[in-house]
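From the sequence below, what's the structure:
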Amino acid sequence: MLITSIPQYVQGITNAKIDLTDTDNEILYTAPSGADFNASIVNSILVSNDSGSADTVTVTLVSGSDTFSLFKLEEVGAVSTKELLLKDLVLQSGEIIKVQAATGARLHVVASIQEITKQRITTSAISGI
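Numbers count the residues shown, from 1 in each chain. The predicted model follows:
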């Protein structure tokens, strides 16, 4: 997703992953902050349940002092994987995605993310190429 009136460049493609071993509200991903970064695009949030019982996960977005519910007690069936996002989720610089399991030691969460910068970041040229 690019906005043609604002130069944007993909700085990196990464993933964020966490094993929810307890019921604490855990940070899955924090969008980079700084003068060069203007957004991150979350393309996918997969939740895998490796237990024999269904469970639920809650996903929130923290922006400054505000917290927004994205998925509240979203059910993930026993021994299954669920994709939470139907469309890309855009995060502004410094925003945080948190995840919380209803029961510990059942769920794993993996998010696929593109980090966008305002300017092209170049690397030194490799000789012979």
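
Can you name the helix or strand that the residue nearest the centre of the chain falls in?
Among the residues of the chain, Ala111 comes closest to the average C-alpha position under C-alpha atoms, centre = their mean, at 4.5 Å. Secondary structure assigned from DSSP states H and E places Ala111 in strand 107-117.

Which neighbours in the sheet does that strand have, and how are they oriented?
According to DSSP bridges, strand 107-117 forms sheet pairs with strand 9-20 (antiparallel), strand 37-49 (antiparallel).

Looking at the ones you listed, which is nearest to Gly104?
strand 9-20 (6.6 Å; C-beta to C-beta). Every residue, glycine included, has its C-beta placed from N, CA and C.

hmm, back to that, list the buried ones in the strand holding Ala111?
107-109, 111-117 (16 or more other C-beta atoms under 10 Å).

what ranges do the strands span in this structure?
Using DSSP state E, the strands found in the chain span residues 9-20, 26-30, 37-49, 55-63, 66-76, 80-83, 89-91, 96-101, 107-117.

okay, the ones you listed in JSON lines with mean pLDDT next?
As requested, the strands of the chain are arranged in JSON lines below (pLDDT from 0 to 100):
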{"stretch": "strand 9-20", "mean pLDDT": "87"}
{"stretch": "strand 26-30", "mean pLDDT": "98"}
{"stretch": "strand 37-49", "mean pLDDT": "93"}
{"stretch": "strand 55-63", "mean pLDDT": "98"}
{"stretch": "strand 66-76", "mean pLDDT": "98"}
{"stretch": "strand 80-83", "mean pLDDT": "98"}
{"stretch": "strand 89-91", "mean pLDDT": "96"}
{"stretch": "strand 96-101", "mean pLDDT": "98"}
{"stretch": "strand 107-117", "mean pLDDT": "94"}
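
now, of those strands, which is deepest in the fold?
strand 96-101 (a mean of 21; mean count of other C-beta atoms under 10 Å).

Just the angle for that strand relative to strand 26-30, thanks.
150 degrees (axes from the mean of the first three to the mean of the last three C-alpha atoms, to 10 degrees).
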